[in-house]
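>>> 3D model of this:
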Amino acid sequence: VQLVESGGGVVQPGGSLRLSCAASGFTFSAYEMSWYRQAPGKERELVAHIDNLDGRTKYADPMKGRFTISRNNFKNTAYLQMNSLKPEDTAVYYCNAALRDYPEYAYWGQGTQVTVSS
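Numbering: from 1, shown residues only. You can find the predicted model right below:
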């Protein structure tokens, strides 16, 4: 099982980034996908979630209207489009795959750094 994030980097405030999470080793379409982030000195927090059955999404309040989570089950890839980035969005962003009702089947990527700075 592998989740590989990419697309992080340094961006100015107000800029955009698109993160990708490439999955392998499991049935991607059966798993709910989420993005989390962890800033220095803070706990890991949920950023966005997308259901595997109906594609419904949910977002943490600070990200609503700025971030969009999506998935492509044919490419086994999840995405996070981040717009209007703020310095407080600076964190390591992690991809998570989870099988509903089976918490033992949850996987994490290695993370990708996003830095928002002028």
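>>> nearest residue to residue 22 in space, ignoring adjacent ones along the chain?
Leaving aside its chain neighbours, residue 22 sits nearest to residue 4 (4.8 Å; criterion: CB to CB, 6 or more residues apart in numbering). Glycine gets a C-beta too; all of them are placed from N, C-alpha and C.
>>> okay, the helix or strand containing that neighbour in CSV with CA atoms only?
Using DSSP states H and E, residue 4 sits in strand 2-6. Listed next in CSV are the C-alpha coordinates belonging to strand 2-6 (Å, rounded to 0.1, in the frame of the first residue of the first chain):
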residue,chain,number,x,y,z
GLN,A,2,1.3,3.4,-0.9
LEU,A,3,0.1,7.0,-0.9
VAL,A,4,2.4,9.5,-2.5
GLU,A,5,1.7,13.2,-2.2
SER,A,6,3.1,15.8,-4.6
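>>> and the contacts of that strand?
With CB atoms under 8 Å, 6 or more residues apart in numbering as the test, strand 2-6 has contacts from 19-25, 93-97, 107-112.
>>> among the residues you listed, which are located in strands?
Among the contacts of strand 2-6, DSSP state E puts 19-24, 93-97, 107-108, 112 in strands.
>>> related to what we said a few turns ago, the strand holding residue 4 pairs with which strands?
Using DSSP bridges, the strands paired with strand 2-6 are strand 17-24 (antiparallel).
>>> list the strands paired with the helix or strand just after the strand it pairs with, with their directions.
On the C-terminal side of strand 17-24, the closest following helix or strand by DSSP H and E is strand 32-38. The pairing partners recorded for strand 32-38 under DSSP bridges are strand 45-50 (antiparallel), strand 91-99 (antiparallel).
>>> most tightly surrounded among those strands?
Compared across the strands paired with strand 32-38, strand 91-99 shows the largest average neighbour count, a mean of 21 (mean count of other CB atoms under 10 Å).
>>> could you give the mean pLDDT of it?
Averaged over strand 91-99, pLDDT sits at 97.
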